[in-house]
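Trainee: This is a predicted model, with the sequence first.
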Amino acid sequence: MRPTRRIFLAGTSALALAPLLAACGDDAPGESGPQGKAAEPEKSAFPVTIKHKYGETVIKQAPKRVVVVGLVEQDALLALGIVPVATSNWFGDAPGRIFPWATDLLGDADVPKVIDPANGIPTEEVIGLGPDLIIGLYSGMTEAEYKILSKSANTIAQSGKYADYAEPWQESTLTVARAVGQPEAGQKLVDGADAKVAAAKAAHPEWQGKTAVCVTPYEGLFVYGPQDPRGRILQELGFTFPEQLVDKGAAEFGYSLSEERTGDLAGVDVVVWLDYDGAPAGMKAIFEKTDTFAEGRFFDINDSDGAYYVGQSFVTPLSIPYVLERYVPQLEAAFDGDPATKPPVVKN
């Protein structure tokens, strides 16, 4: 099943709505339970003013019921000791959309309810959960949705400094931390994940300045651009974005090129495909004529890779160490230009 345009522009690849991680169990019932025990707010953390796309939100005290209408912010909350009342559906069937890199942090708390934003944020459902803080940083929250939600609870929309779904994970993590009164803890969380990325970069000086891109088949060749979290993580590892794939008129975090433009992947040092097996035959025929294909400078991540497939798009301070452990060996194998070197099979 292909996702709607709205959900795809949230970052899903063409097959991302296929069931994933079903072994984790079913979603919990809709009742929202008590949250985990959060750390005490840091001194002078409140009141705090959060600026965003639709104005600013003043939070006067630590929230007790947080609903996540963005797609990934639950990770930052869990890392800070807060279990949200609800999260938003994006990938798979993991209960509460809490994935392996974060499940230990759930503790004995009730699994969050999962809301469905496929046709927009279900504002009535969100309000009915009785939140005192609504977070939608990695989201496409509209102004109309913000106005409805903000009448009932403190609501934080995407920053507006970037395209929707393009805010760097570092900034969104710090914003979540400020909103719940833990800015110093948030900074430590960011620093820890950044250190993991920096270590991987330092271990691979041969990647510096070489090109890499993440693509998927969707309305032609969909390119995750330099603003996208998938593109940014490659840049943070030392790669650069291929000039021949830049769409200077693109206002989104990614964009579709014509199927024929698949030939522009020639000369790219590493191509990371999402769901290559789902590509049309014509697209595969074009790609398989490139030197990138002939030299084995590519690999595919798809839903058979389970949690790793999720984590490659679900870029958070908790998922990054989990993903790097699997991603770096695949990048190494593809980068060497020897088709006999096969990227390792991912084991979840």
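Mentor: Nice, I can see it. Remember, predicted model here, so these are calculated numbers, not experimental data.
Trainee: measure residue 184 to residue 40 for me?
Mentor: Here the distance between residue 184 and residue 40 works out to 12 Å (C-beta to C-beta, to the nearest Å). Quick note: C-beta positions are derived from backbone N, CA and C, even for glycine.
Trainee: The residue nearest to residue 143 when sequence neighbours are not counted: what's it in contact with?
Mentor: On the basis of C-beta to C-beta, 6 or more residues apart in numbering, the spatially nearest residue to residue 143 that is not a chain neighbour turns out to be residue 54, at 5.5 Å. The neighbourhood of residue 54, defined by C-beta atoms under 8 Å, 6 or more residues apart in numbering, consists of 143, 146, 147, 150, 157, 160.
Trainee: The first one: neighbour count?
Mentor: Neighbourhood size, residue 143 [other C-beta atoms under 10 Å]: 11.
Trainee: From residue 125, how far out is it?
Mentor: Distance from residue 143 to residue 125, counting by C-beta to C-beta: 19 Å.
Trainee: Am I right that residue 344 falls within a helix?
Mentor: No - applying DSSP: H, G, I helix; E, B strand; the rest coil, one finds residue 344 to be coil, outside a helix.
Trainee: How about the contacts made by it?
Mentor: In this structure, residue 344 makes contact with 329, 330, 333, judged by C-beta under 8 Å, 6+ apart.
Trainee: Next up, phi/psi of it, please.
Mentor: With angles defined as degrees, to the nearest 10, residue 344 sits at phi -60, psi 150.
Trainee: before we move on, the earlier item: which one among the contacts of residue 344 gets closest to residue 299?
Mentor: Within those, distances to residue 299 taken as C-beta to C-beta reach their minimum at residue 330, with 5.0 Å.
Trainee: Only the buried residues of the longest helix anywhere in the chain, if you could.
Mentor: Identified as the longest helix of the chain according to DSSP state H is helix 183-202. Buried residues in helix 183-202, counting neighbours by 16 or more other C-beta atoms under 10 Å, are found at 183, 185, 186, 189, 190, 193, 196, 197, 200, 201.
Trainee: what do you get for stretch 246-257?
Mentor: 253, 254, 255, 256, 257.
Trainee: Give me the mean pLDDT for it.
Mentor: Per-residue confidence for stretch 246-257 averages out to 82 on the pLDDT scale.
Trainee: chain center to that stretch, what's the gap?
Mentor: Centroid displacement of stretch 246-257 relative to its chain, using C-alpha atoms, centre = their mean, to the nearest Å, is 18 Å.
Trainee: which secondary structure elements does the helix or strand hosting residue 320 contact?
Mentor: With the criterion set as DSSP states H and E, the secondary-structure element containing residue 320 is helix 319-335. Using 3 or more C-beta pairs under 8 Å, 6 or more residues apart in numbering; DSSP states H and E as the contact criterion, the elements in contact with helix 319-335 are helix 183-202, strand 270-274, strand 298-301, helix 307-313.
Trainee: Now do it and helix 183-202, the angle between them.
Mentor: Direction vectors for helix 319-335 and helix 183-202, defined by axes from the mean of the first three to the mean of the last three C-alpha atoms, to 10 degrees, enclose an angle of 10 degrees.
Trainee: Which stretches in the stretch 151-300 of the chain count as helices?
Mentor: In the stretch 151-300 of the chain, helices defined by DSSP state H, counting those that start in this stretch lie at 169-179, 183-202, 229-236, 281-287, 291-294, listed in chain order.
Trainee: Distance to residue 215 and mean pLDDT added to those helices, as CSV?
Mentor: Supplementary listing: those in CSV, determined by distance: least, C-beta to C-beta, whole Å; pLDDT from 0 to 100:
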stretch, distance to residue 215, mean pLDDT
helix 169-179, 20, 98
helix 183-202, 21, 98
helix 229-236, 10, 96
helix 281-287, 9, 98
helix 291-294, 11, 97
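Trainee: ok, which stretches of this structure are strands?
Mentor: Remark: strands assigned in the chain by DSSP state E are 48-52, 55-59, 66-68, 86-88, 113-115, 133-135, 154-156, 212-217, 221-224, 254-257, 270-274, 298-301.
Trainee: The ones you listed into JSON lines, with extra columns for distance to residue 98?
Mentor: Written out in JSON lines, the entries for the strands of the chain read as follows (distance: least, C-beta to C-beta, whole Å):
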{"stretch": "strand 48-52", "distance to residue 98": "24"}
{"stretch": "strand 55-59", "distance to residue 98": "24"}
{"stretch": "strand 66-68", "distance to residue 98": "11"}
{"stretch": "strand 86-88", "distance to residue 98": "8"}
{"stretch": "strand 113-115", "distance to residue 98": "10"}
{"stretch": "strand 133-135", "distance to residue 98": "16"}
{"stretch": "strand 154-156", "distance to residue 98": "21"}
{"stretch": "strand 212-217", "distance to residue 98": "24"}
{"stretch": "strand 221-224", "distance to residue 98": "24"}
{"stretch": "strand 254-257", "distance to residue 98": "26"}
{"stretch": "strand 270-274", "distance to residue 98": "22"}
{"stretch": "strand 298-301", "distance to residue 98": "21"}
